[in-house]
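*Asks:* Pasting the sequence and the predicted model now:
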Amino acid sequence: MAFGKFFDNDKTSHKDLTMRQVFSLSKKRLLPSWKQWKQLPRVLTTGERRMMNSALSLCVLSIVALGAWYVITHRVETPSIGGDYTEALVGEPQLINPLYASGSDVDSDLSRLVFSGLMKWDPELGLVNDLATDAQVSEDGKTYTIKIRDDAKFHNGDAVRAADVIFTIDAIQNPQYRSPLAVSFYGVTVSEVDDKTVAFTLQEPFAPFLSTLTVGILPSNAWADITPRNAVLASRNLEPIGSGPYRFSKFSKDKKGTILSYTLERNGDYYGDEPYIQTLTFKFYADAQEAVQALENRNVEGVGFVPPDLESEVEKNHSVVLTRPSIQRETVLFFNQDKQAIFKQAEVRKAIAMAINKQAVIDQALGGHGSIIDAPILPGMLGYHADVAKVTQDVAAANQLLTDAGYTLPDGATYRVIDPKKTFAEGEDSTSNDLQFTLTTVQNTEFVKAAQTIAGQLAAIGIRVTVSTVGSDVFYASVLEPRSYELLLTGELIGIDPDPYPFWHSSQAKVGGLNLAGYANRKSDDLLEEARIAINADDRAGKYREFQDLLAQDLPAVFLYQSTYSYAVSNKVNDVNIEHVATPSDRFADVVSWYIKTKKTLK
């Protein structure tokens with residue numbers, strides 16, 4: 001009896017000891033120790049242990065599920081280096097050199113990728129630093145001091161230095177190089193402040209000057225042994241060395257020496273955000289139709305320019321995306337008052353302007369992809385004038401203006417006559433007395449359709465219009481330079497800076513200038529001259545708005561529309577988001593952000 005009692009007491013004693021070990025905590029511990037946790041199964045019943053194991057299993061599964069959910073919901077695709085893209089261009093590369101590239105769209109496209117300038121044009125921000133880290137303008141507006149970034153290198157490994165900038169500008173100014181950019185740097189002196197700083201000194205203030213510094217910089221060491229006279233013949237023009245995001249890789253020719261393809265590879269030492277796409281290959285075709293055909297045949301993956309008449313054909317191709325950024329090009333109908341005296345009458349010019357339905361012209365010429373404009377400075381540019389006087393379509397009022405000006409419409413006649421009292425001898429062409437003009441334009445589908453649409457609209461007010469088209473290869477020499485036109489329909493590419501001086505100052509009306517209307521107004525000239533030297537942007541914008549008010553009043557031309565620039569990009573290429581460009585090559589402004597390959601990462 002005593003033994004049994006002892007045994008029971010001993011058993012109770014051991015259980016109590018275990019319980020105390022499991023549940024007792026030192027004053028310094030907030031949680032049980034590992035040694036205490038190991039004793040827990042000894043005090044649990046079988047059912048309790050099952051419950052504990054189930055709870056632990058459920059806890060583990062919950063943690064795994066939560067981790068999987070986090071990975072799935074937080075895993076994103078990010079751009080990765082790699083991939084190849086092939087694009088069709090119309091033309092052939094000849095001078096991939098900033099000194100000459102402006103003369104060819106193909107050369108400009110390739111130069112934009114290979115070279116970089118002190119400044120660059122950004123689709124969202126406008127003119128921004130590129131090779132430059134800082135640009136200071138003196139108080140008198142005549143000196144621009146530019147610092148060059150320390151990490152910029154040419155593709156041959158040489159650092160970009162002040163000497164390279166000086167060499168490039170000197171070459172542009174040197175008549176032996178025959179660069180078309182020489183006029184942009186006339187009277188400009190460039191000097192070295194230190195190895196990474198240059199100073200440009202102007203003879204007088206010139207507000208648009210920074211926009212000229214987008215020209216690509218040449219490596220002086222690579223060109224030092226090439227004489228200026230032989231520059232256009234140098235192999236460097238096809239195997240260029242720049243400091244841009246892409247570098248020359250290779251090109252292929254046929255037996256006749258025609259370049260068939262040209263490949264660039266990403267520059268891994270680029271000072272900016274490095275590009276993702278590994279190689280860009282360009283193939284060359286005689287015209288847009290051949291380029292689009294190559295796209296359909298899968299010889300290329302994109303097309304650098306798609307004219308309006310081929311857009312519907314390209315849109316059927318589901319492997320590409322047709323992108324239509326607005327371009328800083330305006331299409332204008334010019335009156336040549338020196339060639340046609342009737343245009344000296346303001347009533348006639350206004351009647352023609354009032355007869356034109358600009359949206360109908362856009363619909364016919366561009367398939368609706370364009371924007372109506374009423375002045376030479378486009379939306380988003382310094383000096384844009386939203387409230388400039390507008391001429392809206394009013395056929396009835398246009399007819400009345402012509403009638404009041406003495407141009408009557410005989411009963412049953414289609415066209416108005418110049419002299420209602422004129423009589424004709426037997427066999428004489430009576431149509432010679434009609435109010436009629438010749439509208440000249442370049443042989444281009446867009447402009448031909450626009451011209452034909454305008455001709456039809458002017459017929460509604462009794463004006464006979466004959467459309468004359470001239471090939472693009474002789475258009476400048478045979479039409480623009482000699483001012484051989486009555487009515488002229490053409491486009492003007494404005495570029496980065498809105499400066500209207502080259503197109504509207506009276507000094508530019510002479511042969512070789514771009515004042516195609518022959519416009520001359522002393523007050524207008526003063527405003528354009530003052531705007532060019534205005535250091536304050538608000539002052540400059542104000543003068544541009546005053547100028548546009550004068551232009552709207554004098555009506556030397558009819559501003560029709562701002563174009564879009566259509567190009568097709570393979571849908572495998574991501575992040576092509578440019579909404580507007582200043583020049584066609586600006587479609588590559590954000591090329592470093594384009595990507596094909598991706599990788600998975602957690603955000």
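*Replies:* Received the coordinates, thanks.

*Asks:* thought residue 92 was touching residue 259?
*Replies:* Yes: Residue 92 lies in contact with residue 259 (C-beta atoms under 8 Å); the separation is 5.4 Å. (C-beta placed from N, C-alpha, C; glycine too.)

*Asks:* joint contacts of the two?
*Replies:* residue 284 (C-beta atoms under 8 Å, 6 or more residues apart in numbering).

*Asks:* in the strand or helix carrying residue 248, what's buried?
*Replies:* Element membership of residue 248 [criterion: DSSP states H and E] is strand 246-253. Applying a neighbour-count criterion of 16 or more other C-beta atoms under 10 Å, the buried positions in strand 246-253 are 246-248, 251.

*Asks:* got it, and stretch 498-516?
*Replies:* So, applying 16+ other C-beta under 10 Å, buried residues of stretch 498-516: 498-506, 508-509, 513, 515-516.

*Asks:* host element of residue 330?
*Replies:* strand 326-335.

*Asks:* sorry, back to before: how distant is the strand holding residue 248 from the center of its chain?
*Replies:* In terms of C-alpha atoms, centre = their mean, to the nearest Å, the centre of strand 246-253 is set 24 Å apart from its chain centre.

*Asks:* Indicate each strand paired with the helix or strand that that strand is followed by and its parallel or antiparallel sense.
*Replies:* Remark: after strand 246-253, the chain's next helix or strand is strand 259-266, criterion DSSP H and E. Within its sheet, strand 259-266 is paired with strand 246-253 (antiparallel), strand 279-285 (antiparallel), according to DSSP bridges.

*Asks:* quick one: contacts for residue 344?
*Replies:* residue 337 are the contacts of residue 344 under C-beta under 8 Å, 6+ apart.

*Asks:* longest helix in the protein, by residue count?
*Replies:* Among the segments of the chain that qualify as a helix by DSSP state H, the longest is helix 46-74.

*Asks:* Quick check: pLDDT value at the closest residue to residue 589 other than its chain neighbours.
*Replies:* In this structure, residue 589 finds its nearest non-sequential neighbour in residue 123, 5.3 Å apart by C-beta to C-beta, 6 or more residues apart in numbering. Residue 123 is assigned 83 on the pLDDT scale.

*Asks:* any idea how far residue 306 is from residue 123?
*Replies:* Distance from residue 123 to residue 306, counting by C-beta to C-beta, to the nearest Å: 19 Å.

*Asks:* So for the two, which sits in the more crowded spot?
*Replies:* residue 306 (26 against 16; other C-beta atoms under 10 Å).

*Asks:* so what's the more buried one up against?
*Replies:* 288, 292, 314, 322, 566-568.

*Asks:* got it, and residue 366?
*Replies:* With contact taken as C-beta under 8 Å, 6+ apart, residue 366 is in contact with 308, 446, 561, 563-564.

*Asks:* Can you give me the distance of it to residue 400?
*Replies:* 31 Å.

*Asks:* cool, residue 238 as well?
*Replies:* Here residue 238 is placed at a distance of 62 Å from residue 400 (C-beta to C-beta).

*Asks:* Show me the shaky parts of the stretch 301-450 of the chain.
*Replies:* Within the stretch 301-450 of the chain, no stretch has pLDDT under 70.

*Asks:* can you check the stretch 1-150 of the chain too?
*Replies:* 1-32, 34-43, 70-71, 74-75.

*Asks:* Can you give me the buried ones in whichever helix or strand comes after the longest helix of the chain?
*Replies:* Downstream of helix 46-74, the next assigned helix or strand under DSSP H and E is strand 75-80. Neighbour counts using 16+ other C-beta under 10 Å place residue 79 of strand 75-80 among the buried residues.

*Asks:* Who does strand 75-80 pair with, and is each partner parallel or antiparallel?
*Replies:* strand 597-602 (antiparallel).

*Asks:* got the angle for the strand it pairs with vs helix 46-74?
*Replies:* Using axes from the mean of the first three to the mean of the last three C-alpha atoms, to 10 degrees, one finds that strand 597-602 and helix 46-74 are set 140 degrees apart in direction.

*Asks:* what's the offset of strand 597-602 from the middle of its chain?
*Replies:* That offset, for strand 597-602, works out to 29 Å (C-alpha atoms, centre = their mean).

*Asks:* Excluding sequence neighbours, find me the nearest residue to residue 372.
*Replies:* residue 358 (4.7 Å).

*Asks:* How much space separates residue 589 from residue 329?
*Replies:* From residue 589 to residue 329 the distance is 16 Å (C-beta to C-beta).

*Asks:* Likewise for residue 253?
*Replies:* In terms of C-beta to C-beta, residue 253 sits 33 Å off from residue 329.

*Asks:* Among the buried residues of strand 246-253, which one lies nearest to residue 450?
*Replies:* residue 246 (36.2 Å; C-beta to C-beta).

*Asks:* wait, doesn't that closest one sit right on residue 265?
*Replies:* Yes: applying C-beta under 8 Å, one finds residue 246 in contact with residue 265, separated by 6.6 Å.

*Asks:* Let me know the helix or strand that residue 439 is in.
*Replies:* Using DSSP H and E, residue 439 sits within strand 436-442.

*Asks:* if I look at the residue most central in space within the chain, how far off is residue 112?
*Replies:* Nearest residue to the geometric centre of the chain (C-alpha atoms, centre = their mean): residue 581, 2.2 Å. Using C-beta to C-beta, one obtains 11 Å as the distance from residue 581 to residue 112.

*Asks:* same check, this time on residue 58
*Replies:* With C-beta to C-beta as the criterion, residue 58 and residue 112 are 61 Å apart.

*Asks:* likewise residue 603?
*Replies:* 33 Å.

*Asks:* ok, now residue 550?
*Replies:* Counting by C-beta to C-beta, the gap from residue 550 to residue 112 is 36 Å.
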